[in-house]
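Trainee: just a sequence and a predicted model for now, questions to come.
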Amino acid sequence: MRTIILKSASSYLLPVLLLFSVFILLRGHYLPGGGFVGGLVASIAFVLDSFSNGLDKTKSVLKIHPGFLMPFGLAIAFLSGISPILFSDLPLMTGIWAEDPIPVIGAIGSALFFDLGVYLVVIGASLTIIFTISESV
Amino acid sequence: MTNDIIILPLVVHLFFSILLMFLWNKINLQKIVSIVGNAVALVVAIWAFVFVYNNGTHVVESGNWPAPFGIVFVGDMLAVTLVLLTAIAGFAVSIFSAISVIKARLRFGYFSVFHFLLLGLNGAFLTGDIFNLYVWFEIIIISSFVLISIGGERNQLEGAVKYFALNFFASMIFLTALGVLYGLVGTLNMADISLKIAEVENTTLVEISAVLFLVGFGIKSAIFPLYFWLPASYHTPPSAVSAIFAGLLTKVGVYALIRVFTLIYAEDSFLTVLLLTMAIMTIFSGGVGAIIQNNIKKVFMYFIICHIGFMIGGLALFTEVAMAGVIFYLIHDIIIKTNLFLMGGLIYRIKTTTNMKKLGGLYANYPKLSLLMAIPLFSLVGIPPLSGYWPKISLILASFNAEEYWLFGALIFGSLITLIVIAKLWAEVFWKDQPKINFPKKFIYFDQLRLGQKFTFVFPVAFLTFVTLYIGFGAEHIQQLSQRIATELMNNEMYINAVLKR
Amino acid sequence: MEIILAIITGVLYASGIYMILRRSMVKLILGIILLGNGVNLLIFLLGRITKGEPPIIDSAKKVLEGVYADPIPQALILTAIVISFGLQAFAIILVKRTYKVLKTDDLDQLNTTDEDS
């Protein structure tokens, strides 16, 4: 698998794919996309990197064990889910939206943070699964 | 806050699950946090129970989307009662887990997954949306897969493969049924389905979806002839895990059957004969299975199957008396089955084995403990005035009144066989002299534990026994509660009106 | 279109159940995956297929009118896909672990738990 083409391409593809995953995450308000797909794209970026540079290199790029992303993602999603209860006495998971949209990102609401949480959980979970499988070959 | 009271148990368990993930490497802290979390959940569950008991069915529309469009959480009497029982069982098992599950297992996020399991159970009880019920079922089975395979011993993995295959298959059948049902009525809200299913002209497809639901939930609740995964897997994980599985996982299948067949398919009577036959065969095969087993964990496992038959039989009769019996039996059974497996763990800690042939002399050495264990065992048999006696009266009376003599006979047969097996178990484990076996040296026996540790081992059993005693001696309250739930179930307009705000 | 989908659904169910009934654990996983896809197609099919009519409310109107594609089955399928993704990943790891410990792929060899102990 470690051809020179894949190797040189992957060093460009990793940041591009990560950026693309963030784009998909933010696009998910009204158009196809969202946290789950974005998370999968991001984890594919790392998997591709591990194909060309080896698992250890990818792990050193990641710095932390991907499993640690899961509690953070869950916590963000959880907080965005209960924020209506805490702040405005609305039922669980009601969407709260800021009045004015922010440039580039678009409208900010609790749904965005929920998606961000999903994004992190998906990256964490899928990378943990893939690393576990490929490590124990 | 009172507006969201009934979903607070979910929030509490999710919060503690996430918190425990952050404490991944601090196992001792995890134990304390988990016990505190379950104590909080117990308080919240009591609060929710009292609230619904006083104010009637409470509905929360998640996301503020009105009912048939959004996902609703419905806290009717049945749901909050089961949430309360889940909290009681979860509290006892978390204490037992903290002391009995070894560190090698706890390292892989045992407590976090345990809270996820309880979250899934609470969600399944509370949701009013049938697809959401599927999602909660998946959360339950994913957590249970992790719990059953955590540790990775040979036996456990064997059990886990069987458990996984059959439960996944059951979920797929459930999803198929759901697809068929959605195609017929075009809605997922259970109350709305209940209204719309009467207008469906293609009754054959309605019946097919009912049978698919019966098979899907039947595998999960281990009724004849779909129970074979249960004896192959439930005894393999540690006792604490077996206890929560035994107490709650099969009961969530029973709950789903009760909910679906009282709310959605209440008008249909074509399944009655099928349900009755299945119930009778479940009682019979579970009872016969229990007689021939020598391992006390396996005996208890077959009791789970046998006593599921009692509840399914009551559901098949579909009268108010029978339904009250079913609910009472469900309440009694959750507590008692959890307790039985905790006792199995306690006996294992004392004697390093759960095989009846190698056990003995427990009464001579531990008279107080034996008396404590006698109470749940006798309640299981249904010796008056302990808790198993009261629901059996209702069930037997209802089957006699409905002139279903086969079920009547099966109920008596099931009770009798329970008595025989418990008598045998009592004689073998508690009264018989200890046979000569080689006790392994490298094992921390119950006697070698410090007093505090001993107390932590016995406390969950004592706590659940106390609850059992309350169910037995305070049967008046439980009977009133069961009757109220039965009335709500038999007149499903109350549920529908509460959900759809008509 | 519907008839083709119906046939495919049937084939997926049949082959999935056939694979589950085989003795190999790898085939068990393959069967589970096929069955999962069959269920998803079934839900898609039963949600009534409507082509080219997205469920989007015209800016001049208040409610949807006429025939439109039902978005709920797609949401259901998406959820089901995500769930089966997790379950299948777990299944693969479980089977790998089991193979490592038991040194066999044959489900008939998984019978030590039935023995009296």
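Mentor: Received the coordinates, thanks. None of the values given here were measured: they were computed from a predicted structure.
Trainee: residues from chain C in reach of chain A?
Mentor: Taking Cβ under 8 Å from any Cβ of the partner chain as the contact definition, chain C meets chain A at C:82, C:86, C:89, C:92-93, C:96, C:100. Every residue, glycine included, has its C-beta placed from N, CA and C.
Trainee: change it to 10 Å
Mentor: C:78-79, C:81-82, C:85-86, C:88-90, C:92-93, C:96-97, C:100 (Cβ under 10 Å from any Cβ of the partner chain).
Trainee: which one of these has the most neighbours?
Mentor: Within the residues of chain C next to chain A, most neighbours by other Cβ atoms under 10 Å in any protein chain shown means residue C:90, with 19 neighbours.
Trainee: and it, what helix or strand is that in?
Mentor: Assigned by DSSP states H and E, residue C:90 falls within helix C:71-102.
Trainee: of the residues of chain C next to chain A, which is the nearest to chain A?
Mentor: Proximity of the residues of chain C next to chain A to chain A was ranked by Cβ to the nearest Cβ; the top entry is residue C:89 with 4.5 Å.
Trainee: need the pLDDT of that closest one.
Mentor: Model confidence at residue C:89, given as pLDDT, is 88.
Trainee: determine the three-state secondary structure at residue C:62.
Mentor: Three-state call for residue C:62 (DSSP: H, G, I helix; E, B strand; the rest coil): coil.
Trainee: state the distance from it to residue C:56.
Mentor: Here the criterion is Cβ to Cβ, to the nearest Å. By it, residue C:62 lies 13 Å from residue C:56.
Trainee: those two: which has the busier surroundings?
Mentor: For the pair residue C:62 and residue C:56, the greater number of neighbours falls to residue C:56 (10 against 7), based on other Cβ under 10 Å.
Trainee: wait, the more buried one sits on residue C:68?
Mentor: Yes: counting by Cβ atoms under 10 Å, residue C:56 sits close enough to residue C:68 to count as a contact (8.2 Å).
Trainee: what about the helices in chain A?
Mentor: Counting by DSSP state H, the segments of chain A that form helices are A:4-27, A:35-53, A:55-62, A:69-88, A:110-135.
Trainee: list the buried residues in the last one.
Mentor: Right, the one you point to is helix A:110-135. Of the residues in helix A:110-135, A:110-131 count as buried by neighbour count, 16 or more other Cβ atoms under 10 Å in any protein chain shown.
Trainee: out of the residues you listed, which touch chain B?
Mentor: Checked against chain B using Cβ under 10 Å from any Cβ, those yield the following neighbours: residue A:111.
Trainee: residue of chain A closest to chain C, please.
Mentor: Checked against chain C (Cβ to the nearest Cβ), the nearest residue in chain A is residue A:129, 4.5 Å away.
Trainee: shouldn't that residue be in contact with residue C:91?
Mentor: No: checked against Cβ under 10 Å, the pair residue A:129 and residue C:91 is beyond contact range at 11.1 Å.
Trainee: pLDDT (mean, whole number) over stretch B:24-38?
Mentor: Stretch B:24-38 comes out with an average pLDDT of 91.
Trainee: picking up where we left off before, what is the nearest of the residues of chain C next to chain A to residue B:430?
Mentor: Each of those was checked against residue B:430 using Cβ to Cβ; the closest is residue C:97, at 38.4 Å.
Trainee: give me the element the residue nearest in space to the middle of chain C is part of.
Mentor: Closest to where the C-alpha atoms of chain C average out (Cα atoms, centre = their mean) is residue C:36, at 1.2 Å. Residue C:36 belongs to helix C:25-46 when assigned by DSSP H and E.
Trainee: likewise for residue B:274?
Mentor: If you go by DSSP H and E, residue B:274 is part of helix B:272-292.
Trainee: re the thing from before, and the residue of chain A closest to chain C, what is it in contact with?
Mentor: By Cβ atoms under 10 Å, 6 or more residues apart in numbering or on different chains, the residues touching residue A:129 are A:43, A:66-67, C:85-86, C:88-90, C:92-93.
Trainee: which of those are close to chain B?
Mentor: A:67, C:86, C:88, C:90, C:93.
Trainee: contacting residues around the third one?
Mentor: Put plainly, it is residue C:88. For residue C:88, the residues meeting the contact criterion (Cβ under 10 Å, 6+ apart) are A:129, B:168, C:29-30, C:32-33, C:36.
Trainee: 7 Å instead, please
Mentor: Applying Cβ atoms under 7 Å, 6 or more residues apart in numbering or on different chains, we find residue C:88 in contact with C:29, C:32-33.
Trainee: so how far is the helix-or-strand element of chain B with minimal mean pLDDT from its chain's centroid?
Mentor: Taking mean pLDDT, DSSP states H and E as the measure, the helix or strand of chain B with the lowest value is helix B:103-106, at a mean of 84. Distance of helix B:103-106 from its chain centroid, counting by Cα atoms, centre = their mean, to the nearest Å, is 25 Å.
Trainee: CA atoms of it as PDB?
Mentor: These are the backbone C-alpha positions of helix B:103-106, laid out as PDB (Å, rounded to 0.1, in the frame of the first residue of the first chain):
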ATOM      1  CA  LYS B 103     -10.400  -4.700  38.400                       C
ATOM      2  CA  ALA B 104      -9.400  -6.200  35.000                       C
ATOM      3  CA  ARG B 105     -13.000  -5.900  34.000                       C
ATOM      4  CA  LEU B 106     -13.700  -2.500  35.500                       C
END
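Trainee: much appreciated, bye for now.
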